[in-house]
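A.B. asks: got a sequence here, can you model it:
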Amino acid sequence: MYDLIYHHKRIVQVILALITLPFAFFGVDYYFRRDAGPQTLATVGGDKVTQAEFDEVWREQQDRMRQALGRNYDPALFDTPETRYALVNELVNQRLLENRGRTGKLRVSDTQLAQFISQLPPFQEDGKFSPERYKQVLAAQSMPPLQFEQRVRAELTLAPLQEPIVAANIVARASTERYVSLLEQQREVAIAAIDPEPFVKDVKVDAAQVKAYYDQNQASFQTPEQAKIEYVMLTQDALATRVKVDPAEAKAAYDASARQYTTAEQRQASHILIAVKPDAKDDEKAAAKKKAEALYAQAKANPAKFAELAKANSQDPGSAPQGGDLGTFARGSMVKPFEDAVFAGQPGDIVGPVQTDFGFHVIKVAGVTPMRVQTFDEVRPQIEGDLKRQKAAQAFAADAEKFQNLVYEQADSLAPVAKALDLKVETTPLATRPQIQAIALGNAKFTDALFAPESRETKRNSEAIEIAPNVLMAGRIVEYKPATPRPFAEVEQEIRRQLVGRAAAEIAQKAGAEKLALLQSGKAVVELTFAKPVTITRNQAQPEVPRDALAKVFQASPAKLPAYTGAVNDRGGYSIYKVVKVIDAPSPDAGKLASAGSRVGEQIGRELLTAYLGSLKANTEVKINQSALEKSNAK
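C.D. replies: The predicted model follows:
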């Protein structure tokens with residue numbers, strides 16, 4: 001039944017990601033996004049990748065990042081020419097595949113599309129497709145069914161071009177075993193550190209060097225710029241506190257979604273399976289039925305020993321060890337003849353033999369959980385909460401556009417937007433950029449806009465910026481103090497310590513490299529003391545073995561031990577690593593091999609797909625408007 005879903009697992013992941021983003025995470029730019037115009041960001045053959053397409057995909061990716069990172073999400077980190085170029089390149093790759101699909105006349109029929117969508121779990125109730133739930137899920141994401149179906153059809157159309165390549169990733173068992181053994185190999189390492197401190201006494205820094213460094217690096221010795229600001233915030237959470245829900249409205253919502261609050265009748269059952277292959281001969285079927293009838297008679301005579309009979313005789317490897325226990329299930333979970341027999345029986349009944357496509361079943365009905373409908377009073381708080389969130393989201397959508405317009409149109413004051421939307425204008429004392437960014441929930445885009453030369457000099461409102469999911473903020477500078485150089489006398493000793501420390505570190509690193517060279521040439525270094533060996537793993541850094549040193553330790557040849565390598569350490573000195581023992585990983589079990597083989601195979605599949613896309617690109621004229629990406633400010 002689920003073959004179509006199984007064979008397109010990658011597409012299912014894409015579609016589920018699309019429809020499971022909570023509504024609250026859709027950026028407010030979705031509500032008041034300006035028309036981006038017909039600007040072309042790339043051409044693929046004769047086809048265009050437009051700004052509008054880019055904006056839609058950009059929004060989806062940003063929403064996923066918001067969901068994954070929560071309060072730690074900072075849109076400024078992702079709004080760079082590099083990330084925009086990568087996204088356009090993805091759209092170019094998609095267009096290359098679409099062109100190839102047209103050339104190959106790939107099609108997805110309406111029947112295939114309907115079958116695929118009907119099998120997606122979010123659209124099912126009691127194991128069956130629910131048209132009503134389908135509409136509800138899409139409506140919750142403000143996504144018209146036609147738009148969703150077009151997206152699914154496009155993904156399915158391209159599947160024959162991608163999935164055979166991605167799946168063509170057979171990895172030899174020997175390669176997987178070698179990969180796991182290298183990944184989990186351990187090494188015993190003794191560490192000797194050459195720290196900078198002992199060399200400080202050998203460093204001489206005169207006043208002229210200190211002054212020259214100050215003159216050349218004055219930007220490093222400044223009091224930070226400060227600003228006193230006013231700001232206003234519009235949040236969906238605040239709007240939700242003002243929303244009132246009429247009891248009649250809540251009752252109507254309950255009545256309209258009664259099925260949502262209904263738990264279907266469930267049955268608990270155990271079984272003994274005498275398996276029969278679909279192509280079994282008549283005499284084989286008769287023998288299996290006879291054996292099932294004999295077991296039925298034994299179970300009927302002594303129901304208390306049903307579990308023992310199942311463990312000894314059932315040919316269902318999944319349930320036999322548990323005495324045939326299948327757990328609790330509702331209608332729609334089992335094949336029909338089996339299900340009908342279970343739901344016709346009463347607790348304690350022994351039923352059978354029942355024939356299905358799997359063979360003959362002897363069934364014990366263990367228990368019944370009746371259908372239950374939650375009362376309105378039970379679910380009223382949940383319904384009212386949902387309605388409040390919906391109303392708050394609608395109010396926020398409307399107010400977000402007003403907020404943006406008012407801070408832009410009346411840019412010399414925040415009072416108009418505060419009065420119009422019943423918001424409070426907050427004022428800060430003089431604060432640094434980091435302090436103001438903290439007020440903006442860590443959003444760097446807000447502080448960048450606030451401290452931009454035009455905003456800073458004119459003291460006009462910043463644009464409305466979404467600093468967190470469903471949180472808009474705008475501000476203006478009231479008073480500004482630029483960064484100023486600190487006097488030389490104030491920082492002289494600080495600079496001297498920096499120069500001395502830097503010079504001592506250079507001496508320590510040079511001494512460490514020289515000692516390493518002696519050790520690697522087979523000579524002893526008496527004054528070097530190695531600590532007690534520690535055991536390290538290739539993929540697990542330790543405080544004394546940072547990532548770059550870890551790589552060197554495992555690159556050292558184990559042909560002749562001890563082997564020596566070295567690297568600059570976190571204290572600015574130099575650490576020498578003596579590899580004294582190689583500990584091979586134990587033979588991996590089947591599960592670990594399968595998991596590792598899957599990871600390696602996925603990587604190979606991605607590389608094959610990249611190569612295939614490269615071949616398509618080589619035979620197609622592709623142009624990317626780099627200047628547009630440099631200037632673009634994704635909405």
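
A.B. asks: so the closest residue to residue 542 other than its chain neighbours, which of the three states?
C.D. replies: Using Cβ to Cβ, 6 or more residues apart in numbering and skipping residues adjacent in sequence, the residue nearest residue 542 is residue 536, 5.9 Å away. In short, each C-beta sits where N, CA and C put it, glycine included. Using DSSP: H, G, I helix; E, B strand; the rest coil, the structure places residue 536 in strand.

A.B. asks: what of residue 234?
C.D. replies: strand.

A.B. asks: give me the neighbour count for it.
C.D. replies: For residue 234, the count of nearby residues is 25 (other Cβ atoms under 10 Å).

A.B. asks: that one is in contact with residue 424, isn't it?
C.D. replies: No - using Cβ atoms under 8 Å, residue 234 is not in contact with residue 424, being 10.9 Å away.

A.B. asks: okay, now the unreliable bits of the stretch 1-150 of the chain?
C.D. replies: Under the criterion pLDDT under 70, the flagged ranges of the stretch 1-150 of the chain are 1-38, 66-78, 140-142.

A.B. asks: where along it do the helices fall?
C.D. replies: Here the stretch 1-150 of the chain has its helices, by DSSP state H, counting those that start in this stretch, at 3-7, 9-19, 29-32, 51-69, 75-78, 81-103, 110-118, 131-140, 145-167.

A.B. asks: lowest average confidence, helix or strand, in this structure?
C.D. replies: Sorting the helices and strands of the chain by mean pLDDT, DSSP states H and E puts helix 29-32 at the bottom, at a mean of 36.

A.B. asks: ok so, going back, and the residue nearest to residue 542, how far from residue 285?
C.D. replies: Using Cβ to Cβ, to the nearest Å, we find residue 536 at a distance of 61 Å from residue 285.

A.B. asks: neighbour count: those two, which is higher?
C.D. replies: Just comparing residue 536 and residue 285: by other Cβ under 10 Å the higher neighbour count belongs to residue 536, 23 against 15.

A.B. asks: the residue nearest to residue 542 and residue 187 touch, don't they?
C.D. replies: Yes - if you go by Cβ under 8 Å, residue 536 and residue 187 touch, sitting 5.9 Å apart.

A.B. asks: mutual contacts of these two, please.
C.D. replies: residue 553 (Cβ atoms under 8 Å, 6 or more residues apart in numbering).

A.B. asks: got any ranges where the stretch 351-500 of the chain has weak pLDDT?
C.D. replies: Applying pLDDT under 70 to the stretch 351-500 of the chain flags no residue at all.

A.B. asks: got the buried residues for stretch 388-408?
C.D. replies: For stretch 388-408, a neighbour-count test (16 or more other Cβ atoms under 10 Å) marks 388-393, 395-397, 399-400, 403-404, 406-407 as buried.

A.B. asks: which ones among those residues are found in helices?
C.D. replies: By the criterion of DSSP state H, membership of the buried residues of stretch 388-408 in helices covers 388-393, 395-397, 399-400, 403-404, 406-407.

A.B. asks: list the contacts of the residue nearest to residue 542.
C.D. replies: 186-189, 542, 545, 550, 553.

A.B. asks: distance from the centroid: which residue in this structure tops it?
C.D. replies: residue 301 (55.7 Å; Cα atoms, centre = their mean).

A.B. asks: separation between it and residue 295?
C.D. replies: With Cβ to Cβ as the criterion, residue 301 and residue 295 are 11 Å apart.

A.B. asks: as PDB, could you dump the C-alpha coordinates of stretch 234-247?
C.D. replies: The C-alpha trace of stretch 234-247 is given here as PDB (Å, rounded to 0.1, in the frame of the first residue of the first chain):
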ATOM      1  CA  LEU A 234       4.900  44.800  17.900                       C
ATOM      2  CA  THR A 235       4.600  41.200  19.000                       C
ATOM      3  CA  GLN A 236       2.000  38.500  18.300                       C
ATOM      4  CA  ASP A 237       2.200  37.400  22.000                       C
ATOM      5  CA  ALA A 238       1.200  40.800  23.200                       C
ATOM      6  CA  LEU A 239      -1.800  40.900  20.800                       C
ATOM      7  CA  ALA A 240      -2.900  37.500  22.000                       C
ATOM      8  CA  THR A 241      -3.400  38.900  25.500                       C
ATOM      9  CA  ARG A 242      -5.900  41.300  24.200                       C
ATOM     10  CA  VAL A 243      -7.900  38.800  22.100                       C
ATOM     11  CA  LYS A 244     -11.300  37.700  23.500                       C
ATOM     12  CA  VAL A 245     -13.000  34.400  22.400                       C
ATOM     13  CA  ASP A 246     -16.800  34.200  22.500                       C
ATOM     14  CA  PRO A 247     -18.000  31.000  24.200                       C
END
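
A.B. asks: and the helices in the stretch 151-300 of the chain?
C.D. replies: 173-184, 207-216, 236-242, 247-256, 282-301.

A.B. asks: the stretch 351-500 of the chain too?
C.D. replies: 376-409, 415-421, 433-439, 444-450, 453-458, 488-520.

A.B. asks: export these as a markdown table, with columns for distance to residue 566.
C.D. replies: Below are these laid out as a markdown table (distance: least, Cβ to Cβ, whole Å):
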| stretch | distance to residue 566 |
| --- | --- |
| helix 376-409 | 57 |
| helix 415-421 | 61 |
| helix 433-439 | 37 |
| helix 444-450 | 38 |
| helix 453-458 | 48 |
| helix 488-520 | 4 |
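
A.B. asks: can you check which of those gets nearest to residue 467?
C.D. replies: Nearest to residue 467 among the helices of the stretch 351-500 of the chain is helix 444-450 (5.4 Å), distances taken as Cβ to Cβ.

A.B. asks: tell me which other helices or strands the closest one touches.
C.D. replies: With contacts taken as 3 or more Cβ pairs under 8 Å, 6 or more residues apart in numbering; DSSP states H and E, helix 444-450 sits against helix 75-78, helix 433-439, strand 465-468, strand 471-481.

A.B. asks: the last one pairs with which strands?
C.D. replies: This means strand 471-481. Paired strands of strand 471-481, with direction, are strand 226-235 (antiparallel), strand 465-468 (antiparallel) (DSSP bridges).

A.B. asks: could those go into TSV alongside distance to residue 625?
C.D. replies: TSV is the format used below for these (distance: least, Cβ to Cβ, whole Å):
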stretch	distance to residue 625
strand 226-235	34
strand 465-468	26
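
A.B. asks: worst mean pLDDT among these?
C.D. replies: With a mean of 88, strand 465-468 has the lowest mean pLDDT of these.

A.B. asks: pull the CA atoms of that one into CSV?
C.D. replies: C-alpha atoms of strand 465-468 as CSV (Å, rounded to 0.1, in the frame of the first residue of the first chain):
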residue,chain,number,x,y,z
ILE,A,465,12.7,44.7,11.2
GLU,A,466,11.5,41.2,12.2
ILE,A,467,13.9,40.5,15.1
ALA,A,468,12.3,37.2,16.0
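
A.B. asks: and the pLDDT at the residue nearest to residue 482 when sequence neighbours are not counted?
C.D. replies: Closest residue to residue 482 apart from its sequence neighbours, by Cβ to Cβ, 6+ apart: residue 225 at 5.3 Å. Residue 225 is assigned a pLDDT of 92 by the prediction.

A.B. asks: give me the neighbour count for residue 225.
C.D. replies: When neighbours are counted by other Cβ under 10 Å, residue 225 registers 15.

A.B. asks: does it touch residue 480 like I think?
C.D. replies: Yes - checked against Cβ under 8 Å, the pair residue 225 and residue 480 is within contact range at 7.3 Å.

A.B. asks: and residue 593, how far is that from residue 601?
C.D. replies: Following Cβ to Cβ, the distance that separates residue 593 from residue 601 is 12 Å.

A.B. asks: identify the residues contacting the residue lying closest to residue 519 once chain neighbours are set aside.
C.D. replies: Excluding the flanking residues, the one nearest residue 519 by Cβ to Cβ, 6+ apart is residue 564, at 4.4 Å. Residue 564 is in contact with 516, 519-520, 556, 576-579, counting by Cβ under 8 Å, 6+ apart.
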